[in-house]
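Novice: Please work out how this folds:
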Amino acid sequence: MFLGTHEPKLDEKGRLILPAKFREELSSGLVITKGQERCLYVFPQNEFLTITETLRQAPVTQKAARDYSRVMFAGAHDEIPDRQGRVTIPQSLREYANLEKACIVIGANTRVEIWDAKAWTEYLADREKNFADVSEEVFPGLF
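Specialist: Numbering: from 1, shown residues only. Model prediction:
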């Protein structure tokens, strides 16, 4: 499980140092792809395989499933972090998420998300005000 918020910097070569607490789970391989709200999703290799199997079972005749699969897989990049825990984020993914230098890396349960720092601040400010109210709608009876 990935938890927390971290603020690494993207270097001039497009590399990002993964938070130390995420490195062990991602050390054997990961997949970076486009996420919702213009962030990047980082999945451990085994979690991405689970998602792949789920998408594989969606009917090819369903347009939404085809569209989602195309965007997700076409933008996907697999990698093994180096000894310092760095991963290279391809230019196309940096452009998609508007990543320059200041980034926010968050734990989002089974995945890691990489955000442009300004975009994350704006997103969080907008969503936090509704956070308490949404729990009843999204997770009835849980809290």
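Novice: all contacts plus neighbour counts: C-alpha atoms, from now on.
Specialist: Fine.
Novice: tell me which element Lys129 is part of?
Specialist: helix 117-138 (DSSP states H and E).
Novice: The residue nearest to Gly75 when sequence neighbours are not counted: what's it in contact with?
Specialist: Computed as CA to CA, 6 or more residues apart in numbering, the closest residue to Gly75 that is not its neighbour in sequence is Thr33, at 5.5 Å. Applying CA atoms under 8 Å, 6 or more residues apart in numbering to Thr33 gives the contacts 40-42, 72-73, 75-77, 93.
Novice: before we move on, back to that, going by neighbour count, list what's buried in the helix holding Lys129.
Specialist: Neighbour counts over helix 117-138 (16 or more other CA atoms under 10 Å) mark 117, 119-120 as buried.
Novice: Mind jotting down where the strands sit in this structure?
Specialist: 5-6, 15-17, 30-34, 40-44, 77-79, 86-88, 103-108, 111-116 (DSSP state E).
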